[in-house]
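Q: What follows is a predicted protein model with its sequence.
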Amino acid sequence: MESTSRSGSPLFVMRGHREAVNCVGFTSIGNKRCIVSGSGDGEVRIWDLSSRRPIVATHAHGSSVLQATSMCNGTRMLTQAKDGKVSLWDVSTLSQNPIAGENREKSPKPLHTFGTNAYGFCRMGVLESDGRQLVVTASPLQSRLLLWDLKSPKPIHSITLTPNSDAKTGSKSTFSSNLSKALNLGMCTHASLFVPPPSDPKFSKKSPENSEKTPGKLTENSPVVSWATESGHVGFYSVRAGSSLAVGYLEKQPLMCANVVPKPFGGLGIAGSANGHLVAFSGDFKKGQVVSHKTVKVSDKGLAEVHVREDSKIFLTAGWDHRIRVFSTKSLKLLAILKYHTESAFCANFSSAEDGLIASGSKDKSIAIFRVYQSRR
C-alpha cells in the first residue's frame, strides 16, 4: 500500500453547507465521481469531485439529515432525517433542479416518504439484494428496530433487541445468544444490513441438514441485521428466521457507532464508544457467540463514526476531538491522524482502496478530502 497525507493536510476542502455536516459518502452519477452530503439544516448536496462544486443542493428535510445513501447504481438516493422521516429521491429530478438555495418551495419532491417516528441519531442501514430494497431503522420504542421494504408504506418486521442476561465485560470474552430474559438496552445507536458471503458448500442452501445447525437456521443469501446500543451491547439478527444469532456486551459506556464486515456465518466488527474507546469484536453464528478481541483508548472524547474500507485492511474513526484517525483492522494500530477540522468531526467515509480517498464532515460545516494508503494491484 502507498501512503500519502499521513499526518494532516487534506487534498482539498469543499464548503457550502450552512450547518454541521452530518454525513458524507462517495458515489457515481453517470460518468461523474461524486460525494453526497447532508447537514443540520435539512440540506442534501451532491458534489462533483472533479470540479469540487455542488451539482445539487436541495432542502430534503425539515430537520437535521442523518444519512444520505446512493442506490440503484446512482439513479436513486435515500435520505434520513432526525425527525424520523426517510425519503427516496430520483437523482435525475434533483439534477434538473440543481441549486434550490434557501428557497424550500423550489426543492424537488421525493418519490416516496415514510415516517419511523424515531427521533434519534441512529443512522439507517440499507441493503439491495435479490431485487429487494431493505432498510432498517430505529423504532420509537427503546430496544427495538424496524425493517422496511421500500415497496411497502409500513414496516414489514419489528425486531426486539434482547441481551444475554449474564453477560460480563472483559477481553476475549464470549457471550451466548441463548437468552433467558430481556433487559432494557436503551437507544439503538447503530443498525446495518448485510448478507454473509458464501461459505463451504456443505453449509449452503442445498444442504438443509447442515444449515439447521446454525443459530436461527441461517442460510446463505439471508439478510442479517447488526446492531449496537447505548447499553454497550452489540448483536446480530436473522431476518429470514426472525431470531437472534448472537449478542454480546462490549463496553460500559454507550456505543456511539459501529461497522461490521460480513464473513461466512458471521461478521467482524469495530465499535466506538462515548469515552473514546475502540472495541474489535466478531460474531460467530454457528456458535451463537460474540467475542470481544481487543479494546484501545483513542482519545478522551467520543467517537461519532467508524468505517472499515472495502478491502478490510484499514478503518477510520471520526471523533469529537476534531480528528480523523486511520487504524489497521488486524492490529488496531494507529496509522495516521488527519487534521483539518476545527470542531467535532461527525462523519467520514472511504471511497475505494485503489484511490485511497477519505471524505470527512464536521460541525465546522466543511468537507475535507484526504488520500491515505492506496492499495497497489
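A: Everything's here; your move.

Q: C-alpha only now, for contacts and for neighbours.
A: Will do.

Q: Mind jotting down where the helices sit in this protein?
A: Taking DSSP state H as the test, the helices found in the chain are 91-96, 208-211.

Q: Tell me the helices and strands packed up against the longest one.
A: When contacts are defined as 3 or more CA pairs under 8 Å, 6 or more residues apart in numbering; DSSP states H and E, helix 91-96 sits against strand 53-59.

Q: Which elements pack onto the strand it packs on?
A: Using 3+ CA pairs under 8 Å, 6+ apart, strand 53-59 sits against strand 43-48, helix 91-96.

Q: still on that earlier bit, rank the helices of the chain by mean pLDDT and give me the bottom one.
A: Per-stretch averages of pLDDT across those put helix 208-211 at the bottom, with a mean of 45.

Q: Quick check: Gly40 vs His307, distance?
A: As for Gly40, its distance to His307 is 21 Å (criterion: CA to CA, to the nearest Å).

Q: Correction: the previous question concerned Ala274.
A: Relative to His307, Ala274 is positioned 16 Å away (CA to CA).

Q: Test of understanding: give the bridge partners of His157.
A: Beta-bridge pairing for His157 (DSSP bridges): Leu147.

Q: Is it correct that it is in contact with Asp149?
A: No. With contacts counted by CA atoms under 8 Å, His157 stays clear of Asp149, the gap being 9.4 Å.

Q: So these two - more neighbours on which side?
A: For the pair His157 and Asp149, the greater number of neighbours falls to Asp149 (17 against 14), based on other CA atoms under 10 Å.

Q: Verify the contact between the more buried one and Ser129 for me.
A: No. With contact taken as CA under 8 Å, Asp149 and Ser129 are classed as non-touching, separated by 11.2 Å.

Q: Tabulate the helices and strands packed on strand 53-59 in CSV, adding columns for mean neighbour count and distance to His112.
A: As requested, the helices and strands packed on strand 53-59 are exported to CSV (neighbours: other CA atoms under 10 Å; distance: least, CA to CA, whole Å):
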stretch, mean neighbour count, distance to His112
strand 43-48, 24, 16
helix 91-96, 16, 13
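
Q: out of those, nearest to Leu316?
A: Nearest of the helices and strands packed on strand 53-59 to Leu316, taken as CA to CA: strand 43-48 at 21.8 Å.

Q: So what are the sheet partners of the closest one and their directions?
A: Under the criterion DSSP bridges, strand 43-48 sits next to strand 32-39 (antiparallel), strand 53-59 (antiparallel) in its sheet.

Q: coming back round to it: Ala274 and His307 - which one has more neighbours?
A: The residue with more neighbours, out of Ala274 and His307 and counting by other CA under 10 Å, is His307; that gives 24 against 21.

Q: Setting aside sequence neighbours, what's the nearest residue to Ala191?
A: In this structure, Ala191 finds its nearest non-sequential neighbour in Trp227, 4.6 Å apart by CA to CA, 6 or more residues apart in numbering.

Q: can you check Leu78 too?
A: In space, and not counting its chain neighbours, Leu78 is closest to Leu88: 4.6 Å by CA to CA, 6+ apart.

Q: My guess is that neighbour contacts Gln80. True?
A: No. With contacts counted by CA under 8 Å, Leu88 stays clear of Gln80, the gap being 9.1 Å.

Q: Neighbour count for those two, which is higher?
A: Legend: neighbour count by other CA under 10 Å for Leu88 and Gln80, higher for Gln80 (30 against 22).

Q: Please list all residues in contact with that one.
A: Residues counted as contacts of Gln80 (CA atoms under 8 Å, 6 or more residues apart in numbering) are 65-68, 86-87, 123-124.

Q: hmm, 7 Å instead?
A: If you count contacts by CA atoms under 7 Å, 6 or more residues apart in numbering, Gln80 has them with 65-68, 86-87.

Q: Now for those residues: which two are most distant?
A: Leu66 and Ser87 (11.9 Å).

Q: The two: who's more crowded?
A: Using other CA under 10 Å, the more surrounded residue of Leu66 and Ser87 is Leu66, with 27 against 20.

Q: these two touch, right, the more buried one and Lys82?
A: Yes. When contacts are counted by CA atoms under 7 Å, Leu66 is listed as touching Lys82 (6.2 Å).

Q: Between the two ends of stretch 25-43, how far is it?
A: Stretch 25-43 has an end-to-end distance of 15 Å (criterion: CA to CA).

Q: Would you mind pulling the contact partners of it?
A: By CA under 7 Å, 6+ apart, the surrounding residues in contact with stretch 25-43 are 17, 19-24, 44-49, 57-68, 70, 74, 349, 351.
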